[in-house]
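Student: Build me a structure from this.
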Amino acid sequence: MQIAKFYGSISDDLEENEWKRLKKAKIWPKDNLVNSQNNNYSEVQYFIAKDLFVPLDLHREFGLPIIKWTEKWDHNTKEGRYIVNLC
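Tutor: Modelled structure (predicted):
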């Protein structure tokens, strides 16, 4: 979440080569609801943004891999727009 806030705040200033590098970076943690509900802490898995879905209830219902997000998802925030642009 913090990394999305940071890059969301500077996304207008990123150059094309920086966007390309960030699109390929495995820096996004996957939300693992099964382990978090059972209080079993497992190793955090990191993915590139395009391999994860935004944290919507519909995506969770289908069991899709969700990006770990600690706040309510809003694609209209700087962070939300940044994540969507990475995909």
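
Student: which residues touch the residue sitting nearest the centre point of the chain?
Tutor: Centroid-nearest residue in the chain, with Cα atoms, centre = their mean: Ile67, separated by 4.0 Å. The neighbours of Ile67, taking Cβ atoms under 8 Å, 6 or more residues apart in numbering as the test, are 28-31, 49, 52-55, 83. Heads up, the C-betas are built off the backbone N, CA and C, glycines and all.

Student: out of these, who's nearest Lys5?
Tutor: For the contacts of Ile67, the residue nearest Lys5 by Cβ to Cβ is Ile83; the value is 10.8 Å.

Student: what distance separates the helix or strand containing the closest one from the middle of the whole chain?
Tutor: Under the criterion of DSSP states H and E, Ile83 resides in helix 78-86. Computed by Cα atoms, centre = their mean, to the nearest Å, the chain-centroid distance of helix 78-86 equals 9 Å.

Student: Need the contact partners of that helix.
Tutor: Under Cβ under 8 Å, 6+ apart, the answer for helix 78-86 is 1, 4-5, 7-9, 11, 19, 22-23, 49-50, 54, 67, 73-75.

Student: Of those, which belong to strands?
Tutor: Ile67 (DSSP state E).
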